[in-house]
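**Student:** what's the 3D shape of this:
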Amino acid sequence: DIKKLREAGVDAFLIGEALMVHSSPGEKIKELLGGFHGKG
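**Tutor:** As a prediction, this is how the structure comes out:
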């Protein structure tokens, strides 16, 4: 979902719930940001 939003020009996201419900928040952050290193 974030990739599609980035392609549409969105550059800020609220992801708090995704981190709160994931068993490993650090891994979820890596997953969410994985495709965006070096961009922005």
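**Student:** Please spell out which residues along stretch 19-29 are buried.
**Tutor:** Lys28 (16 or more other Cβ atoms under 10 Å). C-betas here are computed from N, CA, C, even on glycine.
**Student:** I misspoke; the intended subject was stretch 1-10.
**Tutor:** By 16+ other Cβ under 10 Å, the buried positions in stretch 1-10 come out as Ile2.
**Student:** I'd like the distance between Glu7 and Asp1.
**Tutor:** Distance of Glu7 to Asp1, given as Cβ to Cβ, to the nearest Å: 11 Å.
**Student:** Please identify the helix or strand for the residue nearest to the spatial centre of the chain.
**Tutor:** The chain has Leu32 as the residue nearest its centroid, 3.1 Å off, counting by Cα atoms, centre = their mean. Using DSSP states H and E, Leu32 sits in helix 25-33.
**Student:** list the helices and strands that helix packs on?
**Tutor:** When contacts are defined as 3 or more Cβ pairs under 8 Å, 6 or more residues apart in numbering; DSSP states H and E, helix 25-33 packs onto helix 16-21.
**Student:** Look up how far Glu7 lies from the residue of the chain positioned farthest from its centre.
**Tutor:** The centre of the chain is farthest from one residue, Ser23, which by Cα atoms, centre = their mean lies 15.9 Å away. According to Cβ to Cβ, Ser23 stands 29 Å off from Glu7.
**Student:** And His22, by the same measure?
**Tutor:** Taking Cβ to Cβ, one finds His22 at 24 Å from Glu7.
**Student:** rewinding a little: pLDDT wise, what is the residue nearest to the centre of the chain at?
**Tutor:** With respect to pLDDT, Leu32 scores 82.
**Student:** Over to Ala18?
**Tutor:** Per-residue confidence at Ala18 stands at 85 (pLDDT).
**Student:** contacting residues around the residue farthest from the centre of the chain?
**Tutor:** For Ser23, no residue meets the contact criterion (Cβ atoms under 8 Å, 6 or more residues apart in numbering).
**Student:** what about it, which SS state?
**Tutor:** Here Ser23 is coil, with the state taken from DSSP: H, G, I helix; E, B strand; the rest coil.
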